[in-house]
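In: here you go, sequence then predicted model.
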Protein chains: 2
Amino acid sequence: MKRVAYFISDGTGITAEALGHSLLAQFEAISFEQITLPYVNSKEKAQKIVEKINKSGQESGAKPIVFDTIVNAEIRAIIAQADAFKVDIFATFLAPLEQELQVHSSYSVGKSHSGANSSAYKARIDAVNFALDNDDGAKIKHYADADIILVGVSRSGKTPSCLYMALQFGVKAANYPLTEEDLGSGKLPDVLKPYKHKLFGLTIDPERLAAIRNERRANSRYSSLKQCYYETEEVELLYMREQIPHLTTTDLSVEEISTRIMLEANLERRVN
Amino acid sequence: MKRVAYFISDGTGITAEALGHSLLAQFEAISFEQITLPYVNSKEKAQKIVEKINKSGQESGAKPIVFDTIVNAEIRAIIAQADAFKVDIFATFLAPLEQELQVHSSYSVGKSHSGANSSAYKARIDAVNFALDNDDGAKIKHYADADIILVGVSRSGKTPSCLYMALQFGVKAANYPLTEEDLGSGKLPDVLKPYKHKLFGLTIDPERLAAIRNERRANSRYSSLKQCYYETEEVELLYMREQIPHLTTTDLSVEEISTRIMLEANLERRVN
């Protein structure tokens, strides 16, 4: 069975999408075609979208599901005319919140994001630049400024996690790859020793690691199962010996790795 | 007036947070202390959080606001006991959705994220690596594989936007900085010509640009108002002359820049 789901917003649509994804993921028996429609900020656009929704409903033979976070009441009223099952997020929650808070909401679009003039924007951009400047152990001179330094073998998820933490939380995350030579010595590399309290280790199932490395460098020593078993075993021993907190990334998304690190390392967000 | 707001989840908390931020942003008169509590996945943790919520309510003299996306019914029931104004996202929407879809939801945590074994994970990581490998015009040999190539003057928002598009949408975004020499020639750099259909331009208010550049290299020619006016004027003329679609990033967040580019360049997501 297949249903069409729309995430509609007069802003980026990120909220409607996050909520819609979470809710629809609870219905595994159904396959959803998921369509995000951001910046629906005029009556004309809304009218066209109602037609599109109704058409897809007729074609699929089932009511489309519409998640919307449209703030503008006139535009929302137009979308409400679509022949669809509607999850009107703002209408559902804003009125009770207004009552609880005893103030009227401002009904304005995109307030939750931080534009280029805000301190949150600056914190995020600074953190992204920090992650780029301190990626892959290439530069290490800024480690004193790092909020956290991810360590791990090549392809265990360090770089995307650093970038996600930078963009999402404004956190300055460096990363340092533990190489075969580092692991062979059985000790922490000298450059990391002064920052031991900032280290957080990633590890990964060796078979999964071999699969990932094979996509990069097929049939090499680097991507061999033997090598991947060796490196992950050694790195996990190192974490235990040096008492470095660590996480297995095998079944986790980038969001999950990042939020778990934030939690387990007790990191404070620089943006909210 | 100040209120405490909690975003609570047995997963990453990203959905609860996105929705909570959007809703609370509609109440500008009130200042919220916003606390995200992810991975509340045991009754013991939930009990402790109820105590924490109640305590903060007593201290602030006003009911805390609780947004939760807890899937586990037992844990959710514990959180429901807190003396707070509750926005129970799943309870509100899952029952009506079950009725509409005529199936029971699976009530399982974190289904909407993509673990390391999924094709979505791979697409995102590939896109992140692509963005890193094709950042800042340093390498240009992979432009044939790019979904989009962002151009613009230094510090107009290219790099974070490329990384966000990679992480959020799995889109392969390269970026190329248009330098003073490029702008002086009045023509597109030769390396970009074969990929003109993939170009998307960013520009920014010159005063804002000068402020951003000053944080990087204070009191330099690079960060002078005169230079920033010159570069942004020239780049905008170039976009018009070459008919390159473009966007002013001044008041936009990274999310907004990225989602607008996706929309205006008609880019397809590689992950949903």
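Out: On my side now, so go ahead.

In: low-confidence stretches in chain A?
Out: Along chain A, segments meeting pLDDT under 70 span A:1, A:108-117.

In: 80 - rerun?
Out: When residues are selected by pLDDT under 80, those of chain A lie in A:1, A:106-118, A:272.

In: which stretches in it count as helices?
Out: Applying DSSP state H to chain A gives helices spanning A:14-24, A:43-60, A:73-80, A:89-101, A:119-133, A:158-169, A:180-185, A:206-216, A:225-242, A:254-264.

In: tally of neighbours for A:Q243?
Out: 9 (other CB atoms under 10 Å in any protein chain shown). Backbone N, C-alpha and C define where each C-beta goes, glycine included.

In: now swap in A:L247 and tell me
Out: Neighbour count of A:L247, defined by other CB under 10 Å: 23.

In: quick check, A:F169 in contact with A:R269.
Out: Yes. Between A:F169 and A:R269 there is a contact under CB atoms under 8 Å: 4.5 Å.

In: need the overlap of contacts for those two.
Out: Common contacts of A:F169 and A:R269 (CB atoms under 8 Å, 6 or more residues apart in numbering or on different chains): A:M262.

In: rewinding a little: and the helices of chain A as TSV, adding mean neighbour count and distance to chain B?
Out: Listed next are the helices of chain A as TSV, based on neighbours: other CB atoms under 10 Å in any protein chain shown; distance: least, CB to the nearest CB, whole Å:
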stretch	mean neighbour count	distance to chain B
helix A:14-24	25	4
helix A:43-60	16	11
helix A:73-80	17	12
helix A:89-101	17	5
helix A:119-133	20	5
helix A:158-169	26	5
helix A:180-185	14	21
helix A:206-216	18	6
helix A:225-242	17	14
helix A:254-264	22	4
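
In: nearest to B:A131, of these?
Out: B:A131 lies closest to helix A:158-169 among the helices of chain A, at 8.7 Å (CB to CB).

In: contacts for that closest one?
Out: Under the contact criterion CB under 8 Å, 6+ apart, helix A:158-169 has outside partners A:124, A:127-128, A:130-131, A:135-136, A:148, A:150-152, A:171-175, A:177, A:202, A:249, A:254-255, A:257-258, A:261-262, A:267, A:269-271, B:124-125, B:128-129, B:132, B:160, B:163-164, B:167, B:254.

In: could the helices of chain A go into CSV alongside distance to B:R216?
Out: Below are the helices of chain A laid out as CSV (distance: least, CB to CB, whole Å):
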stretch, distance to B:R216
helix A:14-24, 28
helix A:43-60, 38
helix A:73-80, 40
helix A:89-101, 39
helix A:119-133, 9
helix A:158-169, 16
helix A:180-185, 33
helix A:206-216, 33
helix A:225-242, 36
helix A:254-264, 26
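
In: right, and the ones you listed - which one's nearest B:G186?
Out: Comparing the helices of chain A by CB to CB, helix A:119-133 comes nearest, at 29.7 Å.

In: figure out how far the closest one is from the centre of its chain.
Out: Between the centre of helix A:119-133 and the centre of its chain there are 16 Å (CA atoms, centre = their mean, to the nearest Å).

In: what's the angle between that helix and helix B:254-264?
Out: 80 degrees (axes from the mean of the first three to the mean of the last three CA atoms, to 10 degrees).

In: packing partners for helix A:119-133?
Out: Under the contact criterion of 3 or more CB pairs under 8 Å, 6 or more residues apart in numbering or on different chains; DSSP states H and E, helix A:119-133 touches helix A:158-169, strand A:173-177, helix B:158-169, helix B:254-264.

In: now tabulate the ones you listed in TSV and tack on distance to A:N54.
Out: Below are these laid out as TSV (distance: least, CB to CB, whole Å):
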stretch	distance to A:N54
helix A:158-169	36
strand A:173-177	46
helix B:158-169	27
helix B:254-264	22
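
In: out of those, which gets nearest to A:A25?
Out: Nearest of these (CB to CB): helix B:158-169, 16.9 Å.

In: with only the CA atoms kept, save the closest one in PDB.
Out: Provided in PDB are the C-alpha atoms of helix B:158-169 (Å, rounded to 0.1, in the frame of the first residue of the first chain):
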ATOM      1  CA  LYS B 158      29.100  28.900   0.400                       C
ATOM      2  CA  THR B 159      30.900  26.300   2.500                       C
ATOM      3  CA  PRO B 160      28.300  25.900   5.400                       C
ATOM      4  CA  SER B 161      25.500  25.800   2.800                       C
ATOM      5  CA  CYS B 162      27.300  23.000   0.800                       C
ATOM      6  CA  LEU B 163      27.800  21.000   4.000                       C
ATOM      7  CA  TYR B 164      24.300  21.500   5.200                       C
ATOM      8  CA  MET B 165      22.900  20.400   1.800                       C
ATOM      9  CA  ALA B 166      25.200  17.300   2.000                       C
ATOM     10  CA  LEU B 167      24.100  16.300   5.500                       C
ATOM     11  CA  GLN B 168      20.400  17.200   5.200                       C
ATOM     12  CA  PHE B 169      19.700  16.300   1.600                       C
END
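
In: could you give the angle of it to helix A:254-264?
Out: Put simply, helix B:158-169 runs at 100 degrees to helix A:254-264, going by the same axes, to 10 degrees.

In: give me every residue that touches the residue lying closest to A:E180 once chain neighbours are set aside.
Out: The spatially closest residue to A:E180, leaving aside those adjacent along the chain, is A:E231, at 6.7 Å (CB to CB, 6 or more residues apart in numbering or on different chains). Residues counted as contacts of A:E231 (CB under 8 Å, 6+ apart) are A:153, A:178, A:180, A:183, A:206, A:209.

In: cool, A:G184 as well?
Out: Neighbouring residues of A:G184 by CB under 8 Å, 6+ apart: A:E234.

In: how far away is it from A:I140?
Out: Using CB to CB, to the nearest Å, we find A:G184 at a distance of 20 Å from A:I140.

In: what's the answer for A:V103, then?
Out: Separation of A:V103 from A:I140 (CB to CB) stands at 50 Å.

In: how about A:T12?
Out: 36 Å.

In: surely A:A84 touches A:I53?
Out: Yes. Counting by CB under 8 Å, A:A84 touches A:I53, with 5.3 Å between them.

In: now do the shared contacts for these two.
Out: Common contacts of A:A84 and A:I53 (CB under 8 Å, 6+ apart): A:6, A:64, A:66.

In: with distance to A:Q47 added, can I get the residues you listed in JSON lines?
Out: Output for the shared contacts of A:A84 and A:I53, formatted as JSON lines (distance: CB to CB, whole Å):
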{"residue": "A:Y6", "distance to A:Q47": "15"}
{"residue": "A:P64", "distance to A:Q47": "16"}
{"residue": "A:V66", "distance to A:Q47": "15"}
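
In: between these, which is nearest A:I78?
Out: Using CB to CB, A:V66 is the member of the shared contacts of A:A84 and A:I53 that lies nearest A:I78, at 11.8 Å.

In: contact partners for that closest one?
Out: If you count contacts by CB under 8 Å, 6+ apart, then A:V66 has A:5-6, A:8, A:53, A:79, A:82, A:84-87 around it.
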